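Q: Model the following, please.
(one chain, ligands or ions: 1)
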Amino acid sequence: MKTPIIDGLMKYIMEENVRFHMPGHKGKEALLNWRNLIPQIDVTEVDGTDNLHNPESIILKSQELAANTFGAKNTFYSINGTTGGIYGSIGAITKPGDTVLIQRNCHRSVYNAVIFNQLNSEYIYPVYNKEWNILTGVLAEDIEKKIKNNLDIKAIIITNPSYYGICSNIQEIAKVVHKYNKILIVDEAHGSHFNFSNNLPVTAIEAGADICIQSTHKTLPAFTQASMVHVGTNRVDNDRLRKMISMYQTTSPSYILMASLDMARAYMEEKGKINLEKMIRKIGVTTTHLKGLDRVKIFDQERINYKDIYDFDTMKILFQIEGISGSSVEKILRKKYNIQLEMSDSFYGVALCSVMDTEEDIDKLANAIENISELEADGNHNTKISTKISNILPNVNMSLHDAFNRSKKTIRLSEAKGEVSGSFLIPYPPGIPILCPGEIITEEIITYIQFLRSNNIQILGYKDNNLENIEIIR
Ligand SMILES: Cc1ncc(COP(=O)(O)O)c(C=O)c1O
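A: Okay, the predicted model is just below:
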């Protein structure tokens with residue numbers, strides 16, 4: 001029998017890795033015995049099972065319960081993840097030709113939505129923290145400046161928390177956005193769990209966002225692709241939003257995914273909250289210990305400055321071992337300790353903790369980090385070098401959707417001065433595009449990219465493996 005996907009997954013399971021990655025259920029069962037249920041509940045729309053595209057009974061009830069739990073006026077399930085929820089939300093509040101203000105380092109689904117809704121985009125840049133070499137939050141005052149400069153901006157779309165767990169002051173941002181009668185959409189993909197503890201950052205809905213989209217599957221015990229779209233105010237046309245979200249979902253929505261949303265909410269209400277508090281305490285004690293070690297640096301709540309680092313999600317362990325790159329640490333953890341992180345970059349490792357972890361899981365990770373910092377030789381990776389964030393704001397020649405639809409040609413970056421970029425060029429870290437499609441390539445930009453490359457910063461968006469050629473508009 002040839003089953004390469006199943007074989008690969010079985011191998012991963014057999015390794016018994018401790019999972020510090022999504023989905024938030026961590027391969028464990030929350031309340032239900034899913035193993036036996038999965039084939040049974042994988043049904044279609046028949047009498048009694050309702051219809052996600054026009055919910056009237058069990059799905060409607062489940063969405064209402066979720067709205068109640070998450071403090072929303074209305075909740076819609078997206079079984080196409082936060083990606084589908086973002087598509088539907090942006091589509092619902094804009095018409096072709098409208099302008100939106102988006103966070104420059106937003107998830108690609110926001111850029112996609114700008115392209116297929118034929119929108120014009122303006123950008124808000126997050127703050128860059130040089131000392132920690134990390135992007136932090138966006139500032140309300142920067143958003144206000146942008147809106148004042150272009151009162152035609154229809155909506156503001158920001159990410160909160162960041163992938164690393166850093167939060168902006170959403171309350172302040174919502175006040176500014178509403179002062180100018182605009183709509184605030186928050187991509188809260190990584191913050192579904194905030195709702196369940198006062199020791200975690202404020203939720204977007206509590207802070208006053210009009211719409212927020214959460215990947216329930218990332219941080220709560222729901223299955224991959226299961227997300228929720230919450231409406232927080234009366235400024236949203238719910239009927240249009242429902243229709244739009246519906247357009248981005250399969251006409252055969254999975255009951256397994258919907259059931260997992262139902263169960264994730266029920267579990268958190270019944271049992272999850274208590275374990276969440278236990279984990280928050282445990283992670284606090286653990287990171288305090290790790291911070292005392294010679295080569296270990298931890299970015300945690302101590303970094304909060306009530307400005308660009310308005311808050312921090314304790315459920316992320318964001319760490320660095322001096323002399324070893326984050327990606328090398330990730331590899332060592334997997335190979336020698338059977339621990340899989342959520343992600344790493346040149347500097348950091350990120351462990352995504354969830355309510356389904358145990359104290360033993362956290363201890364295993366902490367011991368492994370301690371061992372690595374004591375036993376693994378300093379690989380001379382310069383964890384102190386700053387990627388130097390460019391303050392170059394490229395000039396826009398054409399909109400993203402225009403650029404997307406034009407024919408392209410591939411040329412060497414070194415010869416691209418004066419051309420219009422046909423693709424995104426994004427250095428990681430920090431993960432903020434230097435160039436988006438439709439933007440003009442200048443000498444300054446080419447020099448900056450060459451500087452990043454000479455410092456071994458990974459850059460996504462090249463056309464070839466040698467990292468020399470890029471796409472331009474023909
Ligand atoms: C910030 C952010 N927004 C949106 C998404 C998309 O979420 P989903 O995987 O639920 O479609 C992701 C996924 O990684 C993300 O990191």
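
Q: if I pick the residue in the chain that the ligand sits nearest to, what's in contact with it?
A: For the chain, the residue closest to the ligand is Gly81, as judged by Cβ to the nearest ligand atom, at 2.5 Å. Every C-beta, even on glycine, is put in place using the N, C-alpha and C of the backbone. When contacts are counted by Cβ atoms under 8 Å, 6 or more residues apart in numbering, Gly81 touches Ser215, His217, Thr224, Gln225, Ala226, Ser227.

Q: Identify the residues contacting stretch 240-257?
A: Applying Cβ under 8 Å, 6+ apart, the contact partners of stretch 240-257 are 38, 41-44, 49, 52-53, 74, 76, 78-80, 84-85, 87-89, 91-93, 211, 222-223, 225-226, 229, 231.

Q: what about 7 Å?
A: Stretch 240-257 has contacts (Cβ atoms under 7 Å, 6 or more residues apart in numbering) with 38, 41-44, 49, 52-53, 76, 78-80, 84-85, 87-89, 91-92, 223, 225-226, 229, 231.

Q: how far does that stretch stretch from start to finish?
A: One end of stretch 240-257 sits 23 Å from the other (Cα to Cα, to the nearest Å).

Q: same deal with stretch 337-348?
A: So stretch 337-348: terminal residues 18 Å apart, Cα to Cα.

Q: Please apply the same query to stretch 203-219.
A: For stretch 203-219, the end-to-end distance is 14 Å (Cα to Cα).

Q: quick one: buried residues of that stretch?
A: 203-219 (16 or more other Cβ atoms under 10 Å).

Q: I'd like to know which elements the helix or strand hosting Glu172 is packed against.
A: If you go by DSSP states H and E, Glu172 is part of helix 170-179. Under the contact criterion of 3 or more Cβ pairs under 7 Å, 6 or more residues apart in numbering; DSSP states H and E, helix 170-179 touches helix 140-149, strand 183-187, helix 204-207.

Q: to the chain's geometric centre, what's the distance from it?
A: 21 Å (Cα atoms, centre = their mean, to the nearest Å).

Q: what pLDDT, on average, does it get?
A: Averaged across helix 170-179, pLDDT comes to 98.

Q: picking that back up, Cys106: which of the helices and strands packed on helix 170-179 is closest?
A: Distance to Cys106, taken as Cβ to Cβ, is lowest for strand 183-187 among those, at 6.7 Å.

Q: Give me the buried stretch members for the closest one, please.
A: Ile183, Leu184, Ile185, Val186, Asp187.

Q: Stretch 302-314 too?
A: Using 16+ other Cβ under 10 Å as the test for burial, stretch 302-314 gives Arg303, Asp308, Ile309, Tyr310, Asp311, Phe312, Asp313, Thr314.

Q: Pull up the distance across it, start to finish.
A: The straight-line separation of the ends of stretch 302-314 (Cα to Cα) is 11 Å.

Q: Quick one: mean pLDDT for that stretch?
A: On average, stretch 302-314 scores 97.

Q: Stretch 348-363 too?
A: On average, stretch 348-363 scores 97.

Q: what's next to that stretch, contact-wise?
A: By Cβ under 7 Å, 6+ apart, stretch 348-363 touches 18, 20-22, 24-26, 28, 30, 164, 193, 219-221, 272, 275-276, 279, 282-283, 286, 315-320, 326, 329-330, 341-344, 365.

Q: Now, of these, which are buried?
A: By 16+ other Cβ under 10 Å, those give 18, 20-22, 24-26, 30, 164, 193, 219-221, 272, 275-276, 279, 282-283, 286, 315-320, 326, 329-330, 341-344, 365 as buried.

Q: and Ala259, how many residues sit next to it?
A: By the criterion of other Cβ atoms under 10 Å, Ala259 has 22 neighbours.

Q: Spell out which residues of the chain are next to the ligand.
A: Neighbours of the ligand within the chain, by Cβ under 6 Å from any ligand atom: Gly81, Thr82, Thr83, His107, Ser109, Thr159, Tyr163, Asp187, Ala189, Ser215, Ser227.

Q: could you pull out the strands for the stretch 351-474 of the chain?
A: With DSSP state E, counting those that start in this stretch as the criterion, the stretch 351-474 of the chain has strands at 408-412, 426-428, 458-460, 469-473.

Q: From the contact counts, what lies against the third one?
A: Same thing as strand 458-460. Under the contact rule (3+ Cβ pairs under 7 Å, 6+ apart), strand 458-460 is packed against strand 426-428, helix 443-454.

Q: quick one: Lys316 from Ile309, how far?
A: 13 Å (Cβ to Cβ, to the nearest Å).

Q: wait, Ile5
A: 40 Å.

Q: How about Gly27?
A: For Gly27, the distance to Ile309 - Cβ to Cβ - is 32 Å.

Q: give me the number of residues near Ile392?
A: The number of residues packed near Ile392 is 13, by other Cβ under 10 Å.

Q: Please apply the same query to the one 5 residues further on.
A: When neighbours are defined as other Cβ under 10 Å, Asn397 has 16 of them.

Q: Could you find the closest non-adjacent residue to it?
A: Excluding its sequence neighbours, the residue lying closest to Asn397 (Cβ to Cβ, 6 or more residues apart in numbering) is Val420, at 4.6 Å.
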